[in-house]
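Trainee: could you work out the structure for the sequence below:
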Amino acid sequence: MAESADHISCQEVVELATDYLDKALPPDEAALFEQHINVCDGCIWYVEQIKATAAALGEIHEGDISPEAKDRLLSAFRNWRGS
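Mentor: Below you'll find the model as predicted:
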């Protein structure tokens, strides 16, 4: 989880943003996340962009995307993590 018991890094905010917005973080992690975004303009911007993207796209279901597009997306995410 956090690199310190009393704060998290910007990288951790990026990694935890989706879980935070989905209200899936444990309370202690959510509190550290909120503490960070309350003082970090870059992370505030990042979280707001994630919110805006989710709102603009709505909810996409697995059946809404072709198998080829799904494979390309999954491959892109796998390669992104490995780079």
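Trainee: so where is this structure shaky, pLDDT-wise?
Mentor: Within the chain, the stretches with pLDDT under 70 are 1-5, 80-83.
Trainee: residue boundaries of the helices in it?
Mentor: 10-21, 27-37, 41-57, 67-82 (DSSP state H).
Trainee: quick one: residues in contact with the last one.
Mentor: Contact with helix 67-82 is made by 62, 65, as judged by Cβ atoms under 8 Å, 6 or more residues apart in numbering. (Each C-beta comes from the backbone N, C-alpha and C, glycine too.)
Trainee: list the buried ones in that helix?
Mentor: Residues of helix 67-82 classed as buried: none (neighbour count, 16 or more other Cβ atoms under 10 Å).
Trainee: do the same with the second one
Mentor: For helix 27-37, the buried set under the neighbour-count rule, 16+ other Cβ under 10 Å, comprises 29, 32, 33, 36, 37.
Trainee: how much space separates the closest residue to the second one other than its chain neighbours from residue 35?
Mentor: In this case it means residue 32. Spatial nearest neighbour of residue 32, chain neighbours left out: residue 8 (4.8 Å); criterion: Cβ to Cβ, 6 or more residues apart in numbering. As judged by Cβ to Cβ, to the nearest Å, residue 8 and residue 35 stand 8 Å apart.
Trainee: residue 71 now?
Mentor: 39 Å.
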